[in-house]
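K.L.:
Provided below for reference: sequence and predicted model.
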Amino acid sequence: MIPQLAKYSLIQITAYLMDYSIFISFTYFFSAPPLESNVAGKILSGIFSYFAHRHYTFTREEKANVWPEAIRYFSVLGLNVPLSSGLLAVSSQFLPLLAAKFVSDVLCVALSFKLTQSVVFRQKSVKDGQRF
């Protein structure tokens, strides 16, 4: 069995490639501002990530919790997007844009994993019904 962190990492790498590709496409091919490109990439890759994490990383098959989990997931994404964009704005003052994008996203990874694991896809325990 693949450990949960490995599954999470595989999906996040895939989502990050989507995010980075969208960022590059919007910024360099469509001349969109970098922060708007960052938001677009985060939202589109976030939609992919939610469904992939739900069914693969955290193996949720029941349909009853879809909306509450989706609301929690996109709330976490709602924290991640401005944090990432703020870090991008600051780091792009000191680094080339693509390097700044990478640095800002790396800084957000650990926080995103922990919030996704503990807030969005909480595991039910036998004792109290929820694990925090």
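P.N.:
The structure has been received and is ready for your questions. Predicted model, so just to flag it, every value in this text is computed and none were measured. Residues are numbered from 1 along each chain as shown.
K.L.:
Just give me the longest helix of the chain.
P.N.:
helix 66-91 (DSSP state H).
K.L.:
Report the distance from that one to the chain centre.
P.N.:
7 Å (CA atoms, centre = their mean, to the nearest Å).
K.L.:
before we move on, what about stretch 52-72?
P.N.:
15 Å.
K.L.:
Could I get the pLDDT score of the residue positioned nearest the centre of the chain?
P.N.:
Nearest to the geometric centre of the chain sits Gly46, at 5.3 Å (CA atoms, centre = their mean). We have a pLDDT of 90 for Gly46.
K.L.:
Buried ones in the longest helix of the chain, by neighbour count?
P.N.:
Neighbour-count burial for helix 66-91 flags Glu69, Arg72, Tyr73, Val76, Leu77, Asn80, Val81, Ser84, Ser85, Leu87, Leu88, Ser91 (criterion: 16 or more other CB atoms under 10 Å). To be clear about C-beta, it is placed using only N, CA and C from the backbone, and glycine gets the same treatment.
K.L.:
what does stretch 26-41 give?
P.N.:
Buried residues in stretch 26-41, counted by 16+ other CB under 10 Å: Phe26, Thr27, Ala32, Pro34, Leu35, Ser37, Asn38, Val39, Ala40, Gly41.
K.L.:
I appreciate the help and will end here.
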